[in-house]
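Undergrad: Pasted the sequence and its predicted model underneath.
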Amino acid sequence: MTAKSREQSKAVVILGEDDNDRKSISILLAALRRDISRADHAPLRKPMALVRNVPPSRLPKHADRVAVLLRAVAVRKPIRCVLMHEDADDVEPAHEKLIAKIEDCYRSLPWPVHAVVPAWEIEAWWFLFPQAVQQTRSTWRSLGQYAGRDVGQIRNAKQELQRALRPSGAKPTFQSYTEADSVLIAEKIVATGALSRPPAAKSRSWQTFVDTVAAL
């Protein structure tokens, strides 16, 4: 086995706020890094690794609890790196401060830790791919009005996305965006080849994610 194949056989552990986020990140990771097998993705439902609201004095114990579970993963399969997702819940450049806090918190772990921090939420990233989003559900309205905008400045991105996709005069049976649709949107972004084209809008937190994945 070559050094490259040994590296590829290691697990990329994905921690996130919920299953939809973890699955979406895994889908995007697989498309951006086709050299990393989906079999090597290891999304974990626990531990909750969120640190944004954790006081500095509690961060070491927080990191210790996460380390225990990661070591259990490493017993089954060597870990290549850990992706830790947490929403910034604020506009850019708030993601930069949270990325630093996450990576500092887990710096003592024996594996590289890379923070995945969308601003405001992962829904802000979907504004970058309006065609893929509209194709996810035929009843959704176009996001074309966001073209060229800095979507990292959208507050309450999830609610904004729900409003933007709802056509005027929508019937009560209209299927609005839900968090579970993130997985479908991520799949559609990949299927339509949107990742190979420049995004329709701007987001520094998205570009940070792309750069992070490229460097794994």
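TA: Ah, there it is. Residues are numbered from 1 along each chain as shown.

Undergrad: What are the buried residues along the longest helix that the chain contains?
TA: Secondary structure assigned by DSSP state H gives helix 59-76 as the longest helix of the chain. Residues of helix 59-76 classed as buried: 59, 62-63, 66-67, 70, 73-74 (neighbour count, 16 or more other CB atoms under 10 Å). C-beta coordinates here come from the backbone N, C-alpha and C atoms, glycine included.

Undergrad: Please apply the same query to stretch 18-27.
TA: Applying 16+ other CB under 10 Å to stretch 18-27 flags 20-27 as buried.

Undergrad: Then stretch 103-114?
TA: Quick answer for stretch 103-114 (16+ other CB under 10 Å): 105-106, 109, 111, 113-114.

Undergrad: Columns distance to residue 161 on top of the residues you listed, output as CSV?
TA: Output for the buried residues of stretch 103-114, formatted as CSV (distance: CB to CB, whole Å):
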residue, distance to residue 161
105, 29
106, 30
109, 34
111, 33
113, 29
114, 25
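
Undergrad: So which of the buried residues of stretch 18-27 are in helices?
TA: Reading helices off those with DSSP H, I get 20-27.

Undergrad: Between these, which sits nearest residue 126?
TA: Proximity of these to residue 126 was ranked by CB to CB; the top entry is residue 24 with 9.4 Å.

Undergrad: so which helix or strand takes in the closest residue to that closest one other than its chain neighbours?
TA: Distances taken as CB to CB, 6 or more residues apart in numbering place residue 186 nearest to residue 24, at 4.2 Å, with adjacent residues excluded. Here residue 186, judged by DSSP states H and E, is contained in helix 181-191.

Undergrad: got a pLDDT number for the residue nearest the centre of the chain?
TA: Closest residue to the average C-alpha location of the chain: residue 25 at 4.3 Å, with CA atoms, centre = their mean. The model reports residue 25 with a pLDDT of 97.

Undergrad: what's near enough to touch it?
TA: 14, 16, 83, 85, 116 (CB atoms under 8 Å, 6 or more residues apart in numbering).

Undergrad: give me that answer again for 6 Å
TA: Residue 25 sits next to 14, 85, 116 when contact means CB atoms under 6 Å, 6 or more residues apart in numbering.

Undergrad: doesn't residue 114 fall inside a strand?
TA: Yes - the assignment for residue 114 by DSSP: H, G, I helix; E, B strand; the rest coil puts it in a strand.

Undergrad: The closest residue to it other than its chain neighbours: how many residues sit nearby?
TA: Spatial nearest neighbour of residue 114, chain neighbours left out: residue 212 (5.0 Å); criterion: CB to CB, 6+ apart. Residue 212 is flanked by 18 other residues according to other CB atoms under 10 Å.

Undergrad: would residue 178 count as being in a strand?
TA: No - with three-state DSSP as the criterion, residue 178 is assigned coil and is not in a strand.

Undergrad: thinking again about what came up before, distance to residue 206 and pLDDT added to the buried residues of stretch 103-114, as TSV?
TA: Formatted as TSV, those follow (distance: CB to CB, whole Å; pLDDT from 0 to 100):
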residue	distance to residue 206	pLDDT
105	23	92
106	22	92
109	25	92
111	24	96
113	20	96
114	15	97
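
Undergrad: For these, work out which two are farthest apart.
TA: The most distant members of those, if one measures by CB to CB, are 105 and 111, lying 13.7 Å apart.
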